[in-house]
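Undergrad: The sequence and its predicted three-dimensional model are supplied below.
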Amino acid sequence: MMKGNAKMRVIAAILAVTLFCAPLSVLAEDQLTRDMQQGIDISSLRCGDNIIAIGDSPQVVMSKCGEPLRKASTIQNPFNIWVYRFDASDSIYYLSFSGESLERIIEGECWSDNPDCK
């Protein structure tokens, strides 16, 4: 069993990590939201020799497009968002899922500070 001082140190460490990391996640969410708002909606996307479309399941998208660069969600967009970039193109794609269905495909441009475009 932990004594009072040790327990307080653990609580303080958890609190410090939480306070430090929370602003970073908010910044990332804000940037993702901005990037998605600046993109254009498209109804389908070519992944190599395959095509995905609105209404496809996450399993279909994964089998046709492979693993995304990352998966995210934002406060403004609570859906599950998958980020893709194919080859070294100047485009980046945000796939927004609601439950088991692809709801939106957003095509955006890569910009120099976008970590998904490096």
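TA: Alright, I've got the coordinates. Numbers count the residues shown, from 1 in each chain.

Undergrad: Compute the first-to-last residue distance for stretch 108-118.
TA: Stretch 108-118 has an end-to-end distance of 15 Å (criterion: CA to CA, to the nearest Å).

Undergrad: who's in contact with that stretch?
TA: Contact partners of stretch 108-118, identified using CB atoms under 8 Å, 6 or more residues apart in numbering, comprise 31, 35-36, 38-40, 69-70, 83, 85, 89-94. For the C-beta atoms, the positions are set from N, CA and C on the backbone; glycine is no exception.

Undergrad: tell me the pLDDT at the most centrally placed residue in the chain?
TA: When CA atoms, centre = their mean is applied to the chain, the residue found nearest the centroid is Ala72 (2.8 Å). Note for Ala72: predicted pLDDT of 86.

Undergrad: Relative to Val83, how far out is it?
TA: The spacing between Ala72 and Val83, counted by CB to CB, to the nearest Å, is 7 Å.

Undergrad: swap in Gly55?
TA: Distance, Gly55 to Val83, by CB to CB: 20 Å.

Undergrad: So between those two, which is more surrounded?
TA: Ranked by neighbour count (other CB atoms under 10 Å), Gly55 and Val83 place Val83 first, with 20 against 10.

Undergrad: so that one, which of the three states?
TA: Counting by DSSP: H, G, I helix; E, B strand; the rest coil, the backbone at Val83 sits in strand.

Undergrad: List the contacts of it.
TA: By CB under 8 Å, 6+ apart, the residues touching Val83 are 68-72, 92-95, 116.

Undergrad: Gly66 now?
TA: Residues in contact with Gly66 (CB under 8 Å, 6+ apart) are Cys47.

Undergrad: And for the one 3 residues further on?
TA: For Leu69, the residues meeting the contact criterion (CB under 8 Å, 6+ apart) are 83-85, 116.

Undergrad: Could you tell me which of those count as buried?
TA: With neighbours counted by 16 or more other CB atoms under 10 Å, the contacts of Leu69 contain buried members at 83-85, 116.

Undergrad: Taking those residues together, which two end up most distant?
TA: Greatest spacing in the buried ones among the contacts of Leu69, by CB to CB: Tyr84 and Asp116 (8.9 Å).
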